[in-house]
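K.L.:
what follows is a protein structure lacking sequence information:
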């Protein structure tokens, strides 16, 4: 049984979809299996996350300072811990999954919602 002939529009649409999928795969592969974050890049991302976090939480009079850092070569992940006299925040960052808060101490109080 012969396959029906596809119109030119369907062929173009199929080619575009395949190209987009290839680009997405290459992007994911290069981020997750390419060069890991350097210490400087990880620290820059963590500081940016800390500044965003400071808008919603009271982290102290000044932003907490870097107290500890740990790099896991198996997962290619940085865990950066920031500490102030009242608050401790751990931030996890890598090139594949991005940057997220790993944990906060009880001293990091949520800011009251503006009225």
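P.N.:
Sure, I can see it. All values derive from a computational prediction rather than experimental measurement. Numbering: from 1, shown residues only.
K.L.:
can you count the residues close to residue 53?
P.N.:
Neighbour count for residue 53, taken as other Cβ atoms under 10 Å: 19. Yep, even glycine has a C-beta here, placed from its N, CA and C like the rest.
K.L.:
make 40 the starting number, not 1.
P.N.:
In the new count, where the first residue is 40, that last one comes out as residue 92.
K.L.:
what pLDDT does it get?
P.N.:
You'll see residue 92 listed with a pLDDT of 92.
K.L.:
most centrally placed residue in this structure?
P.N.:
residue 137 (1.4 Å; Cα atoms, centre = their mean).
K.L.:
pLDDT below threshold where in this structure?
P.N.:
Under the criterion pLDDT under 70, the flagged ranges of the chain are 40-42.
K.L.:
now with 90, please.
P.N.:
Within the chain, the segments meeting pLDDT under 90 span 40-50, 66-75, 97-102, 134-137, 142, 145-154.
K.L.:
which secondary structure state does the closest residue to residue 120 other than its chain neighbours sit in?
P.N.:
In space, and not counting its chain neighbours, residue 120 is closest to residue 107: 4.2 Å by Cβ to Cβ, 6 or more residues apart in numbering. Recorded secondary structure, residue 107: strand (DSSP: H, G, I helix; E, B strand; the rest coil).
K.L.:
so what's the residue count around residue 107?
P.N.:
When neighbours are counted by other Cβ under 10 Å, residue 107 comes out with 11.
K.L.:
repeat for residue 69
P.N.:
There are 12 residues near residue 69, going by other Cβ under 10 Å.
K.L.:
show me what counts as buried in the helix or strand harbouring it.
P.N.:
Here residue 69 sits within helix 47-72, counting by DSSP states H and E. Going by neighbour count (16 or more other Cβ atoms under 10 Å), nothing in helix 47-72 comes out as buried.
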